[in-house]
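Engineer: Fold the following for me, if possible:
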Amino acid sequence: MFIRAYLRASTKEQDAQRARKDLEAFATERGMTIASWYVENESGAKLDRPELHRLLGDAHAGDVILCEQVDRLSRLGADDWQKLRSEIAAKRLRVVALDLPTSWQMVGANGDEFTQRMADAINGMMLDMLAAIARKDYEDRRRRQAQGIAKAQAEGAYRGRPEDTERLEQIGILLAEGKSWSAVMRLTGASRATVAKAAKRVQPEAAQ
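Structural biologist: Numbering: from 1, shown residues only. Predicted structure coming up:
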């Protein structure tokens, strides 16, 4: 059994590596090591995600897919979620999420066949429920965003997504102090694209 960690953020402005330490700590507490990492900046609402499919291609029966939350794995609609679930089930993989305590026993799970089947059934039900909640949350946020934009447009006030000038200024200060891009990304949780944007403003030479 291998533990394969999956980290995802929706946009390139977000840090997909944010939960890495939490996943490492979870595995370490159980005396296990994460064999491979799959990290990407893609929407969880789409099934076509390169790193997720690479994980599924690499995995073998009994391997664990470890993620921070179920919504990191899926914000998919019902049909796409069933496709993903079917592929996971066909390969006999176990999904373990830090926000799903019933899944924790899947790591190194033993016991008799009946106990294992009951654990799988309970975990599968909870997984489906959290995936449905994640999808509803996604749709609700999209609807509220669209309503807000429509209202602002009607009032002539919509100017697009505001720029986080304060964060860019903080990043610029760190760069001016001589810190590397990697250090700045680690300290602020910013993506490389955000650091590059700040660098172009305060240190043109650093953006080359």
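Engineer: pLDDT of the top helix by length along the chain, averaged?
Structural biologist: When the chain is parsed with DSSP state H, its longest helix is helix 113-154. For helix 113-154, mean pLDDT is 85.
Engineer: Next SSE downstream of it?
Structural biologist: Downstream of helix 113-154, the first helix or strand assigned by DSSP states H and E is helix 165-176.
Engineer: So which bits of that following helix are buried?
Structural biologist: Within helix 165-176, the residues that qualify as buried are L168, Q170, I171, G172, L174, L175, counting by 16 or more other CB atoms under 10 Å. Backbone N, C-alpha and C define where each C-beta goes, glycine included.
Engineer: other SSEs contacting the longest helix of the chain?
Structural biologist: If you count contacts as 3 or more CB pairs under 8 Å, 6 or more residues apart in numbering; DSSP states H and E, helix 113-154 packs onto helix 70-73, helix 78-90, strand 94-97.
Engineer: swap the cut-off to 6 Å and go again
Structural biologist: Packing partners of helix 113-154 (3 or more CB pairs under 6 Å, 6 or more residues apart in numbering; DSSP states H and E): helix 70-73.
Engineer: quick one: average confidence on the helix it packs on?
Structural biologist: Computed over helix 70-73, the average pLDDT equals 95.
Engineer: Could you do stretch 39-57 as well?
Structural biologist: 96.
Engineer: What are the buried residues along it?
Structural biologist: N41, E42, G44, A45, L47, R49, E51, L52, L55, L56.
Engineer: What is the nearest of those to K200?
Structural biologist: Nearest to K200 among the buried residues of stretch 39-57: N41, at 20.1 Å, using CB to CB.
Engineer: ok, that closest one touching Q17?
Structural biologist: No - in this structure N41 lies outside contact range of Q17 using CB atoms under 6 Å: 10.1 Å.
Engineer: which one among the buried residues of stretch 39-57 gets closest to G156?
Structural biologist: Of the buried residues of stretch 39-57, the one sitting nearest to G156 (CB to CB) turns out to be A45, at 30.6 Å.
Engineer: What values do phi and psi take at that closest one?
Structural biologist: Backbone torsions for A45, taken as degrees, to the nearest 10, come to phi -90, psi 0.
Engineer: Domain boundaries for the protein, per the record?
Structural biologist: As given by automatic domain parsing, the domain ranges for the chain are 3-135, 165-207.
Engineer: where's the closest residue to W37 other than its chain neighbours, which helix or strand?
Structural biologist: The shortest distance from W37 to any non-neighbouring residue, by CB to CB, 6 or more residues apart in numbering, is to A5 (5.0 Å). Take DSSP H and E as the rule and A5 turns out to sit in strand 3-9.
Engineer: Give me the contact list for that strand.
Structural biologist: 16, 23, 27, 32, 34-41, 55, 59, 63-67, 72 (CB atoms under 6 Å, 6 or more residues apart in numbering).
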